[in-house]
Each structure stands twice: as C-alpha cells, then as structure tokens.
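> pasting the sequence and the predicted model now:
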Amino acid sequence: MDVSAPIIVSADPLLLGDLHRLCAAAGVVPEVVHGPEQALHHWAGAPVILVGADSAAVVAASSPPPAAPGARAGSRAGAGRAVP
C-alpha cells in the first residue's frame, strides 16, 4: 500500500466508481479497503480517508485515532456522525 495514497473504505460500487473518477481527475490512485482493520493500519499516514456510508458504523466502532492537525471531517445529511 502506498502510504501517500488516499484511502477509501467502502464496498459500494457506485461510490467507488465516483471516487475513482475524482481521484483520477486529481492525478492520484486511491487504495480501496473493505474493512477498518486495513484502513487503521495506515490511518496516520494517509493524506485523506474517505469512508462510505456502508462502512461508517464499523469504522467508527473500531475507535480510529484522532485525525491529523488541520484535517477536516464531514458527513452528508442523514449519514450519521463524522469521525473526527
């Protein structure tokens, strides 16, 4: 895994397609993982971690470490809480 790559935690094919297109437009290749264990292994070094609604509860329950200083988190309406 490239530690400088954005991490996407999701198994939602529509979301993954959209995020792959956005990453391609930005000139980066994301690392897609399907569970918090893989994401947490590289959490501190990732420049951004995108968590799909399908994985948000399990990632939040895994108690991820705090985000790096200056990091931002957000959620869309109805998606639950954002992981800081």
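All right, it came through fine.

> CA only for contacts and neighbour counts going forward, please
Noted.

> I'd like the mean pLDDT over the longest helix seen in the chain, please.
With secondary structure taken from DSSP state H, the chain has its longest helix at helix 13-26. Helix 13-26 shows an average pLDDT of 94 in the prediction.

> what's in contact with it?
Outside helix 13-26, the residues that touch it by Cα atoms under 8 Å, 6 or more residues apart in numbering are I8, S10, V29, P30, G52.

> which residues of the protein score low on pLDDT?
For the chain, applying pLDDT under 70 flags the ranges 1-3, 67-84.

> give the ChimeraX command for selecting the buried subset of the contacts of helix 13-26.
In ChimeraX syntax, the buried subset of the contacts of helix 13-26 is picked out as below (16 or more other Cα atoms under 10 Å):
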select :8,10,29,30,52
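
> report the two of the contacts of helix 13-26 separated the most.
V29 and G52 (17.2 Å; Cα to Cα).

> before we move on, the earlier item: in the longest helix of the chain, which residues are buried?
L15, L16, H20.

> ok, so of the residues you listed, who is nearest Q38?
L16 (16.6 Å).

> the closest one and S63, how far apart?
Using Cα to Cα, to the nearest Å, L16 is found at 23 Å from S63.

> need phi/psi at the spatially most central residue of the chain.
Most central in the chain under Cα atoms, centre = their mean is L50, positioned 2.3 Å from the mean C-alpha point. Backbone torsions of L50, given as degrees, to the nearest 10, read phi -110, psi 120.

> for the residue lying closest to V33 once chain neighbours are set aside, what are its contacts?
Using Cα to Cα, 6 or more residues apart in numbering and skipping residues adjacent in sequence, the residue nearest V33 is V9, 5.0 Å away. For V9, the contact set (Cα under 8 Å, 6+ apart) comprises V32, V33, H34, G35, P36, A39, I49, L50, V51, G52, S55.
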